[in-house]
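[1] Fold the stuff below for me.
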Amino acid sequence: MRLIWKGGFNGDEATLPTRAHLPNSVPFEELDAKRFALVMNIAAVLIFAAAFVLLKLRGMEGASLWGFLAALVALVPHELLHAICFKGDVYVYSWLKRGTIFVIGTETMSRGRFVFLSLLPNIVFGLIPYAAALICPQLVFLGCLGSLSLGCGAGDYYNAFNALTQVPKGARVYLDGFHSYWYRPQPREGLEHAQHR
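    Numbers count the residues shown, from 1 in each chain. Below you'll find the model as predicted:
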């Protein structure tokens, strides 16, 4: 994997990395980029609020400003955890106007690896610290880190859901700009990919 920092995204999808479409590739049914950013930011707030309220009901006292700040700082390593799931070039962008940072790589991968790629940062920075705070409500720092990080993963859950509900077993996934596609590999290609999952 080679990480390439591209800096601020100007909103023009034509400037994002693309690849030649594979035979019989099928685009995911998904939101366009601007609507995606709006809907996922709203979803992020709702997920965070629900997670935080649950911690309060569980007995967590107060809140940790440091925990919330840690979740915001974790947005960069969050994207790096996405990036390490790729094997080829990965491009990192910031889109501050829409309140997001994102990575794009155009290699093909199994549906399982795509789902893992989508969820890994949310498990590390969200689910694990959040679960620890649910078990032990005195861990306020972890509760605040986990609840806000869970919210920040809204777009990743959407991508994983789309892969699980739209991509048939045995098919492969790739990104082209903001858009995800799936295709069924030819028998020879399938053998090659099985050796390099």
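[2] Look at the one residue sitting closest to the centre of the chain and report its pLDDT.
    In the chain, the C-alpha nearest the mean C-alpha coordinate belongs to residue 156, at 3.2 Å (CA atoms, centre = their mean). Here the pLDDT value assigned to residue 156 is 95.
[3] same thing with residue 162?
    For residue 162, the pLDDT comes out at 97.
[4] Can you show me the helices along the chain?
    According to DSSP state H, the chain carries its helices in the segments 33-58, 65-73, 75-83, 111-122, 128-135, 140-152, 154-166, 187-195.
[5] Nearest to residue 1 among those helices would be which one?
    Of all the helices of the chain, helix 75-83 sits nearest to residue 1, with 6.4 Å by CB to CB. C-betas here are computed from N, CA, C, even on glycine.
[6] Could you pull up the mean pLDDT of the closest one?
    Within the predicted structure, the mean pLDDT of helix 75-83 is 93.
[7] Please apply the same query to stretch 179-186.
    Per-region confidence: stretch 179-186 scores 93 on mean pLDDT.
[8] Enumerate the positions of that stretch that are buried.
    If you call a residue buried by 16 or more other CB atoms under 10 Å, then stretch 179-186 has these buried ones: 180-185.
[9] These into CSV, with extra columns for distance to residue 130?
    Supplementary listing: the buried residues of stretch 179-186 in CSV, determined by distance: CB to CB, whole Å:
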residue, distance to residue 130
180, 27
181, 32
182, 31
183, 36
184, 37
185, 37
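[10] Identify, from the residues you listed, the entry nearest to residue 31.
    When those are compared against residue 31 (criterion: CB to CB), the nearest one is residue 180, at 11.4 Å.
[11] ok, the closest one touching residue 28?
    Yes: the pair formed by residue 180 and residue 28 meets the contact definition of CB atoms under 8 Å, at 4.2 Å.
[12] Between the two, which contacts overlap?
    Shared contacts of residue 180 and residue 28 (CB atoms under 8 Å, 6 or more residues apart in numbering): 162-163.
[13] What is the neighbour count of the nearest residue to residue 68 once chain neighbours are set aside?
    What sits nearest to residue 68 in space, not counting adjacent residues and going by CB to CB, 6 or more residues apart in numbering, is residue 144, at 5.1 Å. With neighbours defined by other CB atoms under 10 Å, the count for residue 144 comes to 28.
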